[in-house]
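S.K.: Need a 3D model of the following:
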Amino acid sequence: MKKVTIVFWVTLAITLGLSVIGVIWPDPFEQISGQIMDFFSAKFGWFYLIMVTLFLLFCLYLVVSPYGKIRLGKPGEKPEFSYPSWIAMLFSAGMGIGLVFYGVSSPVGHYINTPPTADPGTTEALEESLRVTFFHYGIHAWAIYAVIALILAYFMFRHEKPGLVSASLESLFGERMKGAWGKVVDVIAVFATIVGVATTLGFGATQINGGFAYLFDMPIAFWVQLIIILIVTVLFMISTYTGLSKGIQYLSNANMGLGGLLMLATLILGPTLYIMNSLIDTIGSYIQQLPSESFRLAPNDESERKWVMDWTVFFWSWWIAWSPFVGIFIARVSKGRTIREFLASVIIVPTVVGFLWFATFGMSGINAQNNGADIAELPQEQALFAMFDQLPFGIILSILGLLLISTFFITSADSATFVLSMQTTNGSMSPPTTVKFVWGLAQSTIAAVLLYTGGLQALQNALISAALPFSIIIFLMIMSFYKAIKKDKDKNWS
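M.R.: Below is the predicted model of the structure:
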């Protein structure tokens, strides 16, 4: 523990303090944090839309500009991981359990309960449901992750800076980022990571519990979820001990293989032609409406405006709040890639896979809903298993689904433990195992305590509220990065 910085103690104290408040006063904490989140969404929704679109445009500019030839490392340096393993790791960290949790429930929910503009349950609502799901999980989301990861990787591997968010601002603010202001920036980044992972562990535990409840009539109870968290904690601690090149890489490859198998089986056993027709049709409408959707605020329609605040602005806040964790992890595993290869892969590949995933599971769920399975009325964590119940070999698919959730669960916690340790040991590329174990136990404990008290939503509200200041930090990172990269323009691009 000798290598930890003040950021470790400050963020641990803040998170534990908020968790204690959530335990003692769960209802007031959730109410106040929810009001703060709603205030930021209502007053700064326009700001989120502009910033996220700006991040995307900046990434696209770098792809087509001469800067795209610059390598994230020394000239001629080769990538540390193979391309398939690299994609698997960034995908597991960037989406992971969210794809499984929302794969069915999000399209079905938008179709039956929360369409943006159409009447619920209509053909128009069905078409909107998949399109808005694509929009919320598409290139905008991955551009947020990509811009953070790119900037961190550039300074880490080309300028040999420590892997800290504050270090990426040094070309703009100089030595001041090594003082108190830099510590504030890093505390915000670490806090976002802790809370983001705690909520993910909560989601994972509830969905595994929901799956067992749906399949085997197991009770939905805290003690079941606590056992799940304890088992997963032991497993990701073992993975953490083996290191980045073994544990996370092997598990991420297993995730991609298992996820691909589950998606292929659902595609074949489900309404295949309907899925493919919907996929192609929705990609067309997604591309066609992307510019207007990116700036949609509906100031003259209160109902539509509320939907935008509740969904699009919420999602942009959520991705921004998650970006320190995902961005730092992707940066760490991206050494040796060119900027063009990096951005094209990080934005396009997961987006395309995500589209196919949501089309396969979402349209299978909607087809089951239209054939009498009332999936929309079930808890979100049971929607996937209810859809599988309508397919041949449904029990086998459900067991595979539970296994996939578990492996995503482990890789999310494992990669987050690595990132937290890295951020609190001055950007160390190989943080001490002791520090990783402390963070692993801390995030599992926080998740368990908040599940017990019902305070998970309150801490999630606090996380999303932190997205506003961090979006400004991202903008400053872009300015710092652009200033530094212009100095590289006369150097070797390779």
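
S.K.: For residue 71, what are phi and psi?
M.R.: phi -90, psi 140 (degrees, to the nearest 10).

S.K.: close enough to count as contact, it and residue 334?
M.R.: No - with contact defined as Cβ atoms under 8 Å, residue 71 does not count as touching residue 334 (10.6 Å). Yep, even glycine has a C-beta here, placed from its N, CA and C like the rest.

S.K.: Between those two, tell me which one has more neighbours.
M.R.: When residue 71 and residue 334 are compared for neighbours, residue 334 comes out ahead with 27 against 24, by other Cβ atoms under 10 Å.

S.K.: Quick check: buried residues in stretch 215-233?
M.R.: 215, 224-226, 228-229, 232-233 (16 or more other Cβ atoms under 10 Å).

S.K.: surely residue 274 meets residue 368?
M.R.: No - under the criterion of Cβ under 8 Å, residue 274 makes no contact with residue 368, lying 11.4 Å away.

S.K.: for the record, mean pLDDT for the top helix by length along the chain?
M.R.: Ranked by residue count under DSSP state H, the longest helix found in the chain is helix 26-64. Mean pLDDT, helix 26-64: 87.

S.K.: what's the distance between it and the middle of its chain?
M.R.: Helix 26-64 sits 15 Å away from the centroid of its parent chain (Cα atoms, centre = their mean, to the nearest Å).

S.K.: go on, stretch 368-377?
M.R.: For stretch 368-377, the distance to the chain centre is 28 Å (Cα atoms, centre = their mean).

S.K.: pLDDT (mean, whole number) over that stretch?
M.R.: 89.

S.K.: again with stretch 481-494
M.R.: Mean per-residue pLDDT for stretch 481-494: 74.

S.K.: same check, this time on stretch 450-460
M.R.: Averaged over stretch 450-460, pLDDT sits at 69.

S.K.: got the buried residues for stretch 184-192?
M.R.: So, applying 16+ other Cβ under 10 Å, buried residues of stretch 184-192: 185-192.

S.K.: and the gap between the residue nearest to residue 279 when sequence neighbours are not counted and residue 209?
M.R.: Distances taken as Cβ to Cβ, 6 or more residues apart in numbering place residue 359 nearest to residue 279, at 3.8 Å, with adjacent residues excluded. Using Cβ to Cβ, to the nearest Å, one obtains 27 Å as the distance from residue 359 to residue 209.

S.K.: for residue 59, same thing?
M.R.: 38 Å.

S.K.: and residue 214, what helix or strand is that in?
M.R.: Taking DSSP states H and E as the definition, residue 214 sits inside helix 180-216.

S.K.: quick one: contacts of the helix or strand following that helix?
M.R.: The C-terminal neighbour of helix 180-216 among helices and strands, as given by DSSP H and E, is helix 222-242. When contacts are defined by Cβ atoms under 8 Å, 6 or more residues apart in numbering, helix 222-242 is touched by residues 201, 204-206, 208-209, 212, 218, 247-248, 251, 406, 409-411, 413-414, 417-418, 433, 436-437, 440-441, 444, 447-448, 451-452.

S.K.: Looking at those, which are in helices?
M.R.: 201, 204-206, 208-209, 212, 251, 406, 409-411, 413-414, 417-418, 433, 436-437, 440-441, 444, 447-448, 451-452.

S.K.: Now for residue 156, how many residues are close by?
M.R.: By other Cβ under 10 Å, neighbour count at residue 156 equals 24.

S.K.: Ok, residue 299 next?
M.R.: For residue 299, using other Cβ under 10 Å, the count is 9.

S.K.: heads up, I number from 93, so please use that
M.R.: Happy to do that; since the first residue is 93 now, the last one works out to residue 391.

S.K.: just checking, it is part of a strand?
M.R.: No - using DSSP: H, G, I helix; E, B strand; the rest coil, the secondary structure at residue 391 is coil, not a strand.

S.K.: and it, how far is that from residue 220?
M.R.: 20 Å.

S.K.: same question, residue 509
M.R.: 39 Å.

S.K.: Between the two, point out the one with more neighbours.
M.R.: Of the pair residue 509 and residue 220, residue 509 is the one with more neighbours under other Cβ under 10 Å, namely 28 against 21.

S.K.: Quick one, grab the pLDDT at that one.
M.R.: 81.

S.K.: For it, give me its contacts.
M.R.: Residue 509 is in contact with 328, 332, 528, 531-532, 535, counting by Cβ under 8 Å, 6+ apart.

S.K.: Quickly note the distance from the closest residue to it other than its chain neighbours to residue 504.
M.R.: With sequence-adjacent residues excluded and distances taken as Cβ to Cβ, 6+ apart, residue 509 is closest to residue 532, at 4.6 Å. Going from residue 532 to residue 504 by Cβ to Cβ gives 12 Å.

S.K.: for the protein, what are the low-confidence residue spans?
M.R.: When residues are selected by pLDDT under 70, those of the chain lie in 93-94, 183-189, 331-341, 343, 546-549, 551-552, 555, 581-586.

S.K.: Show me where the stretch 343-492 of the chain has its helices.
M.R.: Assigned by DSSP state H, counting those that start in this stretch, the helices in the stretch 343-492 of the chain fall at 364-386, 394-400, 406-424, 431-462, 472-480, 486-515.

S.K.: Can you say which of the ones you listed is nearest to residue 228?
M.R.: Evaluated with Cβ to Cβ, the helices of the stretch 343-492 of the chain place helix 406-424 nearest to residue 228, the distance being 4.4 Å.

S.K.: ok, residue 532 and residue 504, which is more surrounded?
M.R.: Neighbours per residue (other Cβ under 10 Å) separate residue 532 from residue 504, with residue 504 holding more: 30 against 25.

S.K.: Spit out the contact partners of the residue lying closest to residue 485 once chain neighbours are set aside.
M.R.: Leaving aside its chain neighbours, residue 485 sits nearest to residue 361 (6.7 Å; criterion: Cβ to Cβ, 6+ apart). Residues counted as contacts of residue 361 (Cβ under 8 Å, 6+ apart) are 483-485, 489.
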